[in-house]
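Visitor: Give me a 3D structure for the following:
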Amino acid sequence: MNCDECKKRPATVHFTQVYNGKMVETHLCQQCYVQKGGIIFDVAKQLSLPNLLGSFFVSNYNLQDMKSLSSTTACPNCGMKLGDISNTGRLGCSRCYTAFERELEPTLRRVHGDSRHVGKIPARGGEKVMVKKKIEGLKYQLQKAIAVEDYEKAAEIRDEIKETEKQLD
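Guide: Numbers count the residues shown, from 1 in each chain. Model prediction:
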């Protein structure tokens, strides 16, 4: 197979790109590959699993900076350091989320769209789950209203909780 660019030399570099469900294959010779900026496709160095997963962490830092960043700070529960997380692409325990909250939050927002886990609601029977979540939220608001001694607001919230709880019966 000849190079797609020069059509003279044999193709030695082959890559496939999928965009919007369409697959485009490109075959280049070594010279055309270098002319097109071949370092972009140097997969062997860039796409090891730890580098790929670790690269998601902390959008403001590159992977090398992250290894030295917070090298003394460790999770109080498992002892995992931020550099270890960037090397493995994994957290050590559930407390790592709290220990490295500042560094992980931008990444979680970028990858998942939010930094808070909300779970899924089942398609059938999900109404009760939604009502229970609403009640939990109202109870939280009730506690806040009581804490700031806004008893009128607390009474309104209490009444709303009672009305909402009737939906569960």
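
Visitor: Break down the protein into its helices, ranges please.
Guide: 30-35, 43-46, 49-54, 63-68, 82-88, 96-99, 101-112, 126-147, 151-166 (DSSP state H).

Visitor: Of these, which stretch is the most buried?
Guide: Across those, averaging neighbours per residue (mean count of other CB atoms under 10 Å) puts helix 82-88 on top, at a mean of 21. All C-beta atoms are positioned from the backbone trio N, CA, C, and that covers glycine.

Visitor: packing partners for that helix?
Guide: helix 49-54, helix 63-68 (3 or more CB pairs under 8 Å, 6 or more residues apart in numbering; DSSP states H and E).

Visitor: Dump the helices of the chain into a markdown table; add mean pLDDT and distance to residue 15 as well.
Guide: Shown next, in a markdown table, are the helices of the chain (pLDDT from 0 to 100; distance: least, CB to CB, whole Å):
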| stretch | mean pLDDT | distance to residue 15 |
| --- | --- | --- |
| helix 30-35 | 80 | 9 |
| helix 43-46 | 46 | 9 |
| helix 49-54 | 49 | 17 |
| helix 63-68 | 45 | 23 |
| helix 82-88 | 78 | 27 |
| helix 96-99 | 84 | 36 |
| helix 101-112 | 77 | 25 |
| helix 126-147 | 89 | 43 |
| helix 151-166 | 94 | 56 |
